[in-house]
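Asker: When you get a sec, could you give me coordinates for this:
(chains A, B, C, D, E and F)
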Number of protein chains: 6
Amino acid sequence: MTHQQPAAAYIRHGQTPFFRLPFANLTADGVAHYEGVDAVLMGVPWDGGTTYRPGARLAPWEVRRASAHVQSLHAEMPLDVFATIHAVDGGNTALTPFSAPFMRDVVEREVRAIVDAGAVPFLVGGDHSIALPSLRAVHARHGALAVVHVDAHLDESGPETWGEAFHHGTPIGHAIREGLVARGALHQVGIRATRSHPEEGSLAASHDARRYSMDELQDRGVLAVAQRIRAAVRDLPTYITFDVDGVDPAYAPGTGTPVPGGLSAREALRLIRALAGVRLVGMDVVEVCPDLDVGDATSTLAAHLLYEGLAVLASRTRL
Amino acid sequence: MTHQQPAAAYIRHGQTPFFRLPFANLTADGVAHYEGVDAVLMGVPWDGGTTYRPGARLAPWEVRRASAHVQSLHAEMPLDVFATIHAVDGGNTALTPFSAPFMRDVVEREVRAIVDAGAVPFLVGGDHSIALPSLRAVHARHGALAVVHVDAHLDESGPETWGEAFHHGTPIGHAIREGLVARGALHQVGIRATRSHPEEGSLAASHDARRYSMDELQDRGVLAVAQRIRAAVRDLPTYITFDVDGVDPAYAPGTGTPVPGGLSAREALRLIRALAGVRLVGMDVVEVCPDLDVGDATSTLAAHLLYEGLAVLASRTRL
Amino acid sequence: MTHQQPAAAYIRHGQTPFFRLPFANLTADGVAHYEGVDAVLMGVPWDGGTTYRPGARLAPWEVRRASAHVQSLHAEMPLDVFATIHAVDGGNTALTPFSAPFMRDVVEREVRAIVDAGAVPFLVGGDHSIALPSLRAVHARHGALAVVHVDAHLDESGPETWGEAFHHGTPIGHAIREGLVARGALHQVGIRATRSHPEEGSLAASHDARRYSMDELQDRGVLAVAQRIRAAVRDLPTYITFDVDGVDPAYAPGTGTPVPGGLSAREALRLIRALAGVRLVGMDVVEVCPDLDVGDATSTLAAHLLYEGLAVLASRTRL
Amino acid sequence: MTHQQPAAAYIRHGQTPFFRLPFANLTADGVAHYEGVDAVLMGVPWDGGTTYRPGARLAPWEVRRASAHVQSLHAEMPLDVFATIHAVDGGNTALTPFSAPFMRDVVEREVRAIVDAGAVPFLVGGDHSIALPSLRAVHARHGALAVVHVDAHLDESGPETWGEAFHHGTPIGHAIREGLVARGALHQVGIRATRSHPEEGSLAASHDARRYSMDELQDRGVLAVAQRIRAAVRDLPTYITFDVDGVDPAYAPGTGTPVPGGLSAREALRLIRALAGVRLVGMDVVEVCPDLDVGDATSTLAAHLLYEGLAVLASRTRL
Amino acid sequence: MTHQQPAAAYIRHGQTPFFRLPFANLTADGVAHYEGVDAVLMGVPWDGGTTYRPGARLAPWEVRRASAHVQSLHAEMPLDVFATIHAVDGGNTALTPFSAPFMRDVVEREVRAIVDAGAVPFLVGGDHSIALPSLRAVHARHGALAVVHVDAHLDESGPETWGEAFHHGTPIGHAIREGLVARGALHQVGIRATRSHPEEGSLAASHDARRYSMDELQDRGVLAVAQRIRAAVRDLPTYITFDVDGVDPAYAPGTGTPVPGGLSAREALRLIRALAGVRLVGMDVVEVCPDLDVGDATSTLAAHLLYEGLAVLASRTRL
Amino acid sequence: MTHQQPAAAYIRHGQTPFFRLPFANLTADGVAHYEGVDAVLMGVPWDGGTTYRPGARLAPWEVRRASAHVQSLHAEMPLDVFATIHAVDGGNTALTPFSAPFMRDVVEREVRAIVDAGAVPFLVGGDHSIALPSLRAVHARHGALAVVHVDAHLDESGPETWGEAFHHGTPIGHAIREGLVARGALHQVGIRATRSHPEEGSLAASHDARRYSMDELQDRGVLAVAQRIRAAVRDLPTYITFDVDGVDPAYAPGTGTPVPGGLSAREALRLIRALAGVRLVGMDVVEVCPDLDVGDATSTLAAHLLYEGLAVLASRTRL
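Answerer: So this is what the prediction gives:
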């Protein structure tokens, strides 16, 4: 039995939880309970780490709305996602727009609550700086992680450009330096932005990261790339951090720092789908900017990317 | 004490009830309870009565989202609306897009439940054909009504153009013929659309309706018009049916049959506000089409029009 | 009996003539016949005279589409426009985008054919440079004209800025110098653009033109201004040249050189309407740029401005 | 000699027939005559079967306008389409927005008139519910059909979700049950939407339909898929029903229920093109929603899809 | 002689300085020199104080581009603005998006450099939190200021909602508490947003501020309000802080927290214009969000508001 | 050392030169100096040759703004573009919108100045008619050219359609007839528009041009096509003329005559990139129409196409 509300009930309630799922129970002071839950969808309305066009703080509401049109049964494999796993909408992290340290504390605490309950967090950003506290919390539970990083950018910048150590161009760098990522277990797809400093990328490289260039992806095909990643991560606890600007702006126009030449939506969905069987311990989809979106295209894509991640979880749960 | 959630709780919950109000309690089969409630906001996701550009079915969700930014305290009068009245979000009527008779039954039944509990319904359309069952239900409780009708169109068409007796151009005609409107108590503002049949308008005229032409409104000013209406309705139970195309498309672009030359947003808000003291028994705001909207302008205006209606109710409650 | 097609026939035919009127009969080589016709709507798809954002060449098709929703009966006066006058869609002038002299020849010839048949031309630009050949043709038939010029700009520039004597900022200057405008009979409304040369405006002034500044319009009201114009033009043959940028960009966003602070749509419509009774011999509505429009707002306004002009013609015809 | 009007004549007439073709002759009561005609383009302005975002009723006018820029000569094969076949614009079906049974009657009757005259219908929706009466009429003339169904959705839903047997998610189911589709001759491409009921798809499967999943299409390539379909349909009378949401929203944003991960425009065009030689007896392109479109992209794509269908017809005619 | 570049030179250079003015000379380390300059236009690309929709950081570039179309000669008064005063483009403050204290330091220092050179600063925000350091710097030079504050919001919030003392809803409160505003010399126009705390507004009231409600403005007219302000400020050094959300969203859609019912563009421009003769010592126009704008309407309005402010300065300089 | 300004300096200056490069020195009368310069970016604000939707005149400013986000280091190859070559922003050609012969003279003269200084011109249109004078000037310096022509259209039209020998559909035809293109050295990619005259394409064919059809490109892959071109041009002086409508409208919506089914952004970028090593002597990117663009997608793509061209130049310079 699926955990989704049927359409009529969804319309009647007038609410828009992620994927028409039940909301988690919140206590009066906003603490959630996740007993018996496999997956928690949670919004992180934060864009205080954005270097160019902001607006990702508004994504959680829009992705909720777009996700209402995703059903439980997968089109490419025999899988009834929301009957196989028990997923809930955990609400949003309670943030103000102003303090990055506070954001990091809250996100880390909320994700800890999810993983400590044995559930898998699926975060909906927000800008990419939310990934660092999420990785910290997941790492605290599961140890050094394999990370599948889809992005147009390397995200290992230092403070040299903006005088700030933590912003949306830095989470991967911090994660490596903090030991959250297992050596040789960082897989980067979609990277294609020009760089301003030659040392960008060297940190990941020195950590034996594997970067699949766009030319390589085009030449090999996305399935082969996914299979390589799948083979490499084996049974490591695996975290997917998906910046929607990894996808080409034609498919994901609603994002703040678009770079032409990225993955198609089809490739992006296939990339996640082909990871079925990995030991997924967390996922985030970040950098959706609704005010820049066109007809909900990016929010809808984000909802489908999350669905594919949930299907990865379900595919393993089912086994 | 206001009944609105504070901003932090609103963000945390990730839901978007009208005006950040509590949702009404629904039983498992979708029946709502309104004990002790003064006002119920309810969405009616219906546009099956639209003759030109459809899309109003999607308005309830967008008006909810826009209304989150309206606070309790009025800017022009000393009134703490959501502390004075107890208002709730009653969800939406549970409709399919396909059957107009079913829509009329459901809306009439839901509004009856509201008025029978002693509360005042504030409906968020949907197209204007939802007004008829709402008027029927309110009439069943309160008897013949004064109706303030803001619209670019007369809405008393017969079946001659579209071969259909009930659509969004007909509710006022039906309401008059069904005796829902007290003689001499229909007040029409904003009417300016060209007509295709000379008899359009004659039904209202024969019922001693008062139409305030746009030229008259411009010459007298909106305050004088509102004061005339206020004086005329005295203590009749009064229903406001507000088609957002009564407002000029510059202020309300998100609507299906725009006509240039309408009220400004300021005039529209003032018109409602100046009705403070009337015995308001129901209100609807209809014809918001989110897909045609520009930056939520029309949804935001609709939220403020509803707020002014709630303030009218509060202003009387307070006395 | 109205000359408009009913809605069902309009839908069936799949064509979009102006105001659902019949198309004029064209011979195989594109010559139109206007026997017994009172008014000819004609598109002029030309924007080769645009100094900033082009695109007005596409307006005739969009204004046709928007005009389908205008009915025959006026909302503010007892007038059945398309039953009172016989109006037809004369098609467009057959232009290429490249030659301004060719455009001027074609427009002048087509308008001559209209006025020579005793009909009144209503041109839908195109940029404002189409007004000059139209004025020439109307002048050839009717002599020196009263001209009601609604615009944000003076349109009497010389070649000093762009090295070109004829562009969309010049038609009024040429018309004065060519003697097409009767002395003291040029009435300019909406003018508010900053100027780069102090002599701009001096030609009109030396011709005893009357300019109603925006401050004056706001202080007196549009009705008083219209009544002054009405009184001044007496029974002179009168031509209305209406640049939609005379209207504020909030109401007419689809135009190439918008200037904030203009007329509201309501004022613009009232201005034309209040000219009822003048001897209208021609009208153009220019500078609608569909690619810059928002939800057809500007095309729809243009259609209503033309309708008010047709009503002016009908109001006199009826007498 | 092509049947298209040259550009100058098109501009002069100010009308926008499909592909600048002649309009069919309509009698005074709206009956068309198709003697000697090979193909009839017809608009079906209906969206009363839409479950989510409506608006497809407006597509016929926009696709007409977009199609004006398609010329007669094919870029990939030596084919002068509008010289090879005699195609006309048959106008639209004369519908109101309110009655689905009436729509089905009218569409079936109009398509019957086309096929009975020996011509091939090319319908421009409207939502997908128009396909059923079209298939009925074509079946009545040609018997059981091969159907190439491009869509994101299976379109064999029953009444369980919306309490309605006929809507835009049902035409294929009805067509199978009514025996309009030859066993083993339904070819489905683009299907990728998640499903809410496990039995969706089982009807087609039990009818030996062939579904080409998106993963399969990506792995084999669109040409191979098209060649399989081409080989399978042999000389069966073949009908193409093309829901533009089969295409990825990046290429077809103007549609009501977009699903990411679909065909590219290039693949969609190639799919049709590669069917050259089949015995095409009808085609529809549905679910274009102009109000959701971006710069006419979807209308333009729809026009090109129709053109490729016309080229398929011409390619066989020529032989 | 105007200081503006002629159009041809503007096109040739390919740069977009404010109003086509010369850029100020910057030393290699970014220090500007303002000898002999009357007015400095400066962008402040900061939106780190935004509580809802961010994006104002991008305004300086867009307002520059829009301002290129403003000429030197005023339409309503005989004034050649850029010949009367020597104005330059001072570039932007060099900010990162992340540190509000750093922003306040930089803005205060840059404005000090302007006022210390005897010039008047015209800042282009940026969100409203940039006004505080600007007021501090101007106050340091000129002493307690008269402030004309146009806004939908009171902007005297405390830290209660967002846990932060300095954000875009707080500058007026800080300015009063810091003694930057002379008692009785704060004039607030456009205020109409609902409030969440009853004490909002009490600080201004206790400082004898004058608030002109929207109802009052509508009843008296904007000219009368402006004349009252003009009379009240006498010869006090006067600072105009103009939040574009004081204007109705129909005229200024590109802003983050729109509230319906505000000033028209015409009223806003007239309000500034009617202050001619005051001793203007600084001005800012804030909260323009280009990504939310429609056809540059808000950027263009902002440019014209700045122009009216420059005209106020010029009108006094000329005397 | 890169020649780009760092981000902070870029923000401080408030200017938007191409790629944050220095502006070329212009003398007071607008003459530029290019000593020691390898590449000159120059805007050509001209759209007087457009047959359908105009607006490309505005592209140079928008491409400048979009290009600010491109950094110096290439993502797919070890290349520091702006450290390897000395590139400058040469401003725009100083044009009026009205005279095509004047445009051709100015562009030819400006490009001559660039090539005569030993630098390579990179023009940013403007419509495609700017390519002819550019090719003339480059030919005058380098002799008969290899031309890589990316476009949806053949661009060898004669005067038969529009009565005009020079417009945006003609530059390749003129270039061939004038002997600017070496026999067998014209390579056309992306061509897919339907044609109205069978002789279109025959001129190129008779000149032994190589056209790669979209079907061929899809079947072989873009890399193989690029390698063929690379092999064919050997060491001929090579000019790339890139009409953005060669790219599919999903990736390049901001263009006036879009045709579905084109290159993806990824293919387009790879096509240029794979030409590394050719002797590049000039490049233009044309037909970007900002008013039709979506979120700067087309301007951003144009900037990246230019960057790839600059990288081709740098890759050879470096050797």
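Asker: With adjacent residues omitted, what lies nearest to the residue of chain A found nearest chain E?
Answerer: Going by C-beta to the nearest C-beta, chain E is nearest to residue A:54 of chain A, at 4.0 Å. Glycine gets a C-beta too; all of them are placed from N, C-alpha and C. Spatial nearest neighbour of residue A:54, excluding adjacent residues (C-beta to C-beta, 6 or more residues apart in numbering or on different chains): residue E:54 at 4.0 Å.
Asker: rewinding a little: helix/strand/coil for the residue of chain A closest to chain E?
Answerer: Following DSSP: H, G, I helix; E, B strand; the rest coil, residue A:54 is assigned to coil.
Asker: before we move on, the earlier item: residue contacts, the residue nearest to residue A:54?
Answerer: Residue E:54 sits next to A:47, A:50, A:54, A:55, A:57, A:97, E:47, E:127, E:256, E:289 when contact means C-beta atoms under 8 Å, 6 or more residues apart in numbering or on different chains.
Asker: With chain D in mind, check whether stretch A:74-86 reaches it.
Answerer: Yes. Contact of stretch A:74-86 with chain D (C-beta under 8 Å from any C-beta of the partner chain) involves A:74, A:75, A:76, A:80.
Asker: tally of neighbours for the residue of the stretch 1-150 of chain A at minimum distance from chain F?
Answerer: Residue nearest to chain F within the stretch 1-150 of chain A (C-beta to the nearest C-beta): residue A:52, separated by 6.9 Å. Residue A:52 has 15 neighbouring residues, counting by other C-beta atoms under 10 Å in any protein chain shown.
Asker: State the mean pLDDT of stretch A:225-239.
Answerer: Mean per-residue pLDDT for stretch A:225-239: 97.
Asker: Please apply the same query to stretch A:155-175.
Answerer: Mean predicted confidence for stretch A:155-175 is 94.
Asker: buried ones in it?
Answerer: A:155-158, A:161-162, A:164, A:166-175 (16 or more other C-beta atoms under 10 Å in any protein chain shown).
Asker: Residue A:247 bridge partners, please.
Answerer: For residue A:247, the beta-bridge partners are residue A:263 (DSSP bridges).
Asker: That one is in contact with residue A:302, isn't it?
Answerer: No. If you go by C-beta atoms under 8 Å, residue A:247 and residue A:302 don't touch, sitting 9.7 Å apart.
Asker: ok so, going back, with residue A:97 as the reference, measure out to the residue nearest to residue A:54.
Answerer: 8 Å (C-beta to C-beta, to the nearest Å).
Asker: who in chain A is up against chain B?
Answerer: Residues of chain A lying near chain B by C-beta under 8 Å from any C-beta: A:8-9, A:11-17, A:23, A:26, A:30, A:43, A:45, A:60-61, A:64-65, A:89, A:91-96.
Asker: So in chain A, which helix runs the longest?
Answerer: Longest helix of chain A, by residue count under DSSP state H: helix A:297-318.
Asker: Which parts of it count as buried, going by neighbours?
Answerer: Buried-residue list, helix A:297-318, by 16+ other C-beta under 10 Å: A:297-317.
Asker: Each with direction, which strands does the lowest-mean-pLDDT helix or strand in chain A pair with?
Answerer: None of the helices or strands of chain A scores lower by mean pLDDT, DSSP states H and E than strand A:25-26, at a mean of 82. Paired strands of strand A:25-26, with direction, are strand A:32-33 (antiparallel) (DSSP bridges).
Asker: Name the next helix or strand following the strand it pairs with along the chain.
Answerer: strand A:39-43 (DSSP states H and E).
Asker: wait, does whichever helix or strand comes after that following strand make contact with chain D?
Answerer: Counting by DSSP H and E, the element after strand A:39-43 in chain order, helix or strand, is helix A:59-67. No. Judged by C-beta under 8 Å from any C-beta, helix A:59-67 makes no contact with chain D; its nearest approach is 9.7 Å.
Asker: and helix A:59-67, anywhere near chain F?
Answerer: No. Residues of helix A:59-67 contacting chain F under C-beta under 8 Å from any C-beta: none, with a closest distance of 15.6 Å.
Asker: quick one, that helix and helix A:297-318 angle?
Answerer: 70 degrees (axes from the mean of the first three to the mean of the last three C-alpha atoms, to 10 degrees).
Asker: Just the mean pLDDT for helix A:59-67, thanks.
Answerer: 97.
Asker: Which neighbouring elements make contact with that helix?
Answerer: Judged by 3 or more C-beta pairs under 8 Å, 6 or more residues apart in numbering or on different chains; DSSP states H and E, helix A:59-67 is in contact with strand A:39-43, strand A:120-124, helix A:297-318.
Asker: Throw the ones you listed into TSV and include mean pLDDT and distance to chain E, thanks.
Answerer: Listed next are those as TSV, based on pLDDT from 0 to 100; distance: least, C-beta to the nearest C-beta, whole Å:
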stretch	mean pLDDT	distance to chain E
strand A:39-43	98	16
strand A:120-124	98	18
helix A:297-318	94	14
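Asker: Export those as TSV, with columns for distance to residue D:35.
Answerer: Supplementary listing: the helices and strands packed on helix A:59-67 in TSV, determined by distance: least, C-beta to C-beta, whole Å:
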stretch	distance to residue D:35
strand A:39-43	61
strand A:120-124	60
helix A:297-318	46
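Asker: Who are the contact partners of residue A:61?
Answerer: Contacts of residue A:61 by C-beta under 8 Å, 6+ apart are A:16, A:43, A:290, B:14, B:16, B:65.
Asker: returning to that earlier point: quick check: pLDDT value at the residue of the stretch 1-150 of chain A closest to chain F.
Answerer: In this model, residue A:52 is scored at 95, pLDDT.
Asker: wouldn't it be in contact with residue A:258 here?
Answerer: No. Using C-beta under 8 Å, residue A:52 is not in contact with residue A:258, being 9.6 Å away.
Asker: what does chain A have sitting close to chain D?
Answerer: Residues of chain A lying near chain D (C-beta under 8 Å from any C-beta): A:2, A:4, A:6-7, A:69-76, A:80, A:223, A:248, A:250-251, A:264-266, A:269-270, A:294-297, A:300-301, A:304, A:307.
Asker: can you tell me which of those are in helices?
Answerer: A:7, A:223, A:265, A:266, A:269, A:270, A:297, A:300, A:301, A:304, A:307.
Asker: Give me the phi and psi for the nearest residue to the last one once chain neighbours are set aside.
Answerer: The shortest distance from residue A:307 to any residue that is not its chain neighbour, by C-beta to C-beta, 6+ apart, is 5.1 Å, and that residue is residue A:70. Backbone torsions of residue A:70, given as degrees, to the nearest 10, read phi -90, psi 130.
Asker: what's the neighbour count on residue A:232?
Answerer: 14.
Asker: Please apply the same query to residue A:113.
Answerer: Residue A:113 is flanked by 19 other residues according to other C-beta under 10 Å.
Asker: tell me the phi and psi of it?
Answerer: Dihedral angles (degrees, to the nearest 10) for residue A:113: phi -60, psi -40.
Asker: ok, now how distant is it from residue A:37?
Answerer: Residue A:113 is 11 Å from residue A:37, by C-beta to C-beta.
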